[in-house]
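>>> here is a sequence together with a model predicted from it:
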Amino acid sequence: MYEIKFIKNPPTLENLKSLCESEIYQNILKEFAEISKHKLDDREQDNMRLITLLNYNVRRYMILNIPYSEVLYEFEIHKNDILRYWLASADFFIDEEEDVDGEFPEGEELGEDDKSVVLETFGINKTAILDIFCEFYLLKTGDKERLLHYFKTTRMPDAKKYAGQITKLFKKNIAVENPQYAAPRPETIIEYENDTAKNWQTNRKIAFVNTDNENGIKKVMICKTQKGFYLFEFDTKLDCNNISELFYENLEDAEFHCIKKYDIKNEDWLSISNQEDFCNLDYIMPVKIKGRENRKPEFDNWEIFQNGKWQEFTPPYNENINAMTGNERLYRSGLLDEYEKALKTNKEKAKKILIGLEYDDNSVKQILSLSDKSAPVSCAPRPETAKNAILAEFQEQLSGFSEEKRGKINAVLRLVAENATNNK
């Protein structure tokens with residue numbers, strides 16, 4: 001099973017209804033009808049029928065797993081390619097003329113009275129482009145695993161065969177004029193033509209996002225590969241899968257996107273180590289899907305390379321950085337090694353990491369001043385009051401608990417700490 005992290009702000013029924021009524025959407029619909037000589041289905045004047053179809057698409061877009069803002073962006077930027085793909089797809093499958101009753105063994109074919117009969121042909125329904133867009137988006141990313149997962153989850157008959165057909169169709173009609181569409185997703189950049197696999201990235205860098213934005217993006221990463229530059233966007237500062245990625249042919253365009261959307265300046269970037277073979281490029285730490293190196297990926301299971309061996313790993317999807325100690329923040333962000341190296345050779349980089357992980361100013365000053373004196377450095381934010389000092393003593397011991405349990409225990413500890421400080 002292909003496991004993905006569900007993103008924030010997926011399209012709602014109201015979002016999709018608004019999209020169907022938008023000028024861009026209506027223009028694609030009308031242009032398709034004119035070119036293909038198909039009529040539009042007028043039955044959707046019945047509002048209940050339209051709502052039923054939209055509800056069906058809401059479930060599909062939950063599986064597609066991208067935010068509504070990205071859907072709007074794709075329609076705005078790639079509306080012509082969406083139309084071209086739809087026309088090519090319609091021509092291809094009309095030519096196929098498959099028997100709607102299916103195939104039967106010789107001698108067991110249906111009699112003429114048992115075969116399906118077309119009673120009435122309806123036109124193009126208003127929500128048709130919503131389905132086409134899902135295919136277009138997944139084909140554009142080049143992720144075959146995710147494409148097959150989508151069709152299987154939406155119960156597409158002969159999902160593997162259909163995925164193969166439309167992949168060839170897309171490459172022939174769309175990707176040939178848009179080479180960036182043919183680039184594989186970072187997670188599938190591994191090539192198995194030989195018995196070895198390499199992540200051909202040459203450098204990576206990250207930046208923390210400090211401005212409010214509609215998708216809740218808190219971190220971005222740029223990774224250079226043989227194909228070009230991938231820009232990963234994350235809704236957490238912790239080390240886990242991205243919630244969206246963009247592809248650029250040059251670094252300047254990727255950086256400009258970050259300047260325009262998140263006000264990230266050149267000095268905000270932090271260089272990080274290259275990823276290991278078989279590992280996911282959007283992770284900072286060496287994390288991979290179990291079994292990928294043996295061509296037997298277990299998509300529900302993750303592994304991390306630590307202490308000279310691969311170990312089980314649970315991505316920090318729903319963990320709250322504000323509930324963590326300083327050491328936890330460094331480890332779960334994947335930046336512990338980068339921080340320790342920077343502490344010896346690049347204090348400015350070490351400072352950026354601490355600030356990015358939301359250490360307060362006093363903590364940053366104390367940690368860096370202690371490192372200058374070659375004293376043991378505690379990465380936990382320094383408590384400024386007696387109450388916080390008492391709470392801090394327990395934080396490391398709570399690291400193994402879930403966020404919910406830590407919250408309940410901390411509530412009790414705060415009461416104890418307040419009583420203790422009041423009695424002093």
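Looks like it arrived, so ask away.

>>> in terms of helices and strands, where is the residue nearest to Leu336 when sequence neighbours are not counted?
Closest residue in space to Leu336, ignoring its immediate chain neighbours: Leu330 at 4.3 Å, by C-beta to C-beta, 6 or more residues apart in numbering. Just so you know, the C-beta spots here come from the backbone N, C-alpha and C atoms, and that holds for glycine as well. Leu330 is part of helix 326-332 when elements are defined by DSSP states H and E.

>>> run the chain-centre distance for that helix.
From the chain centre to the centre of helix 326-332 is a distance of 23 Å (C-alpha atoms, centre = their mean, to the nearest Å).

>>> which other helices and strands does that helix contact?
The helices and strands touching helix 326-332, judged by 3 or more C-beta pairs under 8 Å, 6 or more residues apart in numbering; DSSP states H and E, are helix 336-345.

>>> quick check: mean pLDDT of the helix it packs on?
Averaged over helix 336-345, pLDDT sits at 92.

>>> also stretch 54-64?
The model assigns stretch 54-64 a mean pLDDT of 79.

>>> show me the shaky parts of the stretch 201-350 of the chain.
Low-confidence regions of the stretch 201-350 of the chain, defined by pLDDT under 70, span residues 201-202, 299.

>>> residue ranges of the helices in it, please?
Assigned by DSSP state H, counting those that start in this stretch, the stretch 201-350 of the chain shows helices spanning 251-262, 326-332, 336-345, 347-356.

>>> now the last one: buried residues?
What that stands for is helix 347-356. 349-354, 356 (16 or more other C-beta atoms under 10 Å).

>>> now the shortest one
Applying a neighbour-count criterion of 16+ other C-beta under 10 Å, one finds 326, 328-332 buried in helix 326-332.

>>> which of the buried residues of helix 347-356 sits closest to Met62?
When the buried residues of helix 347-356 are ranked by distance to Met62 (C-beta to C-beta), Gly356 comes first, at 31.4 Å.

>>> which residue packs closest to that closest one, ignoring adjacent ones?
Phe208 (3.8 Å).

>>> and that neighbour, what are its bridge partners?
Beta bridges link Phe208 to Lys219 when assigned by DSSP bridges.

>>> got the contact list for it?
Phe208 makes contact with 218-219, 237, 268, 356, according to C-beta atoms under 8 Å, 6 or more residues apart in numbering.

>>> against Thr52, how distant is it?
44 Å (C-beta to C-beta, to the nearest Å).

>>> again, but for Ile367
58 Å.

>>> who's more crowded, those two?
Ile367 (22 against 12; other C-beta atoms under 10 Å).

>>> coming back round to it: now the buried residues of helix 347-356 in a markdown table, with distance to Glu233?
Formatted as a markdown table, the buried residues of helix 347-356 follow (distance: C-beta to C-beta, whole Å):
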| residue | distance to Glu233 |
| --- | --- |
| Lys349 | 22 |
| Ala350 | 25 |
| Lys351 | 24 |
| Lys352 | 19 |
| Ile353 | 19 |
| Leu354 | 23 |
| Gly356 | 15 |
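
>>> let's have the helices of the stretch 201-350 of the chain in CSV, adding distance to Leu87.
As requested, the helices of the stretch 201-350 of the chain are exported to CSV (distance: least, C-beta to C-beta, whole Å):
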stretch, distance to Leu87
helix 251-262, 29
helix 326-332, 47
helix 336-345, 49
helix 347-356, 47
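
>>> and of these, who's closest to Lys161?
helix 251-262 (36.2 Å).

>>> contacts for the closest one, please.
Residues outside helix 251-262 that contact it (C-beta under 8 Å, 6+ apart): 207, 209, 211, 213, 217, 220, 222, 224, 229, 231, 246, 248, 264-266.

>>> buried residues in it, which are they?
Neighbour-count burial for helix 251-262, counted by 16+ other C-beta under 10 Å, picks out 254-255, 257-258, 261-262.

>>> from the chain's centroid, how far away is it?
18 Å.

>>> buried subset of the contacts of helix 251-262?
Among these, those classed as buried by 16+ other C-beta under 10 Å are 207, 209, 217, 220, 222, 224, 229, 231, 246, 248, 264.

>>> which of those sits closest to Ser22?
Leu246 (22.4 Å).

>>> out of the buried ones among the contacts of helix 251-262, which are inside strands?
Among the buried ones among the contacts of helix 251-262, the members falling in strands (DSSP state E) are 207, 220, 222, 224, 229, 231, 246, 248.

>>> nearest to Gly291, of the contacts of helix 251-262?
Lys224 (27.3 Å).

>>> my read: that closest one touches Asn203, true?
Yes. Taking contacts as C-beta atoms under 8 Å, Lys224 lies within contact range of Asn203: 5.3 Å.

>>> in the stretch 1-150 of the chain, where is pLDDT below threshold?
Residues of the stretch 1-150 of the chain that meet the cut-off, pLDDT under 70, sit at 1-9, 39-49, 93-106, 108, 110, 114, 116-123.
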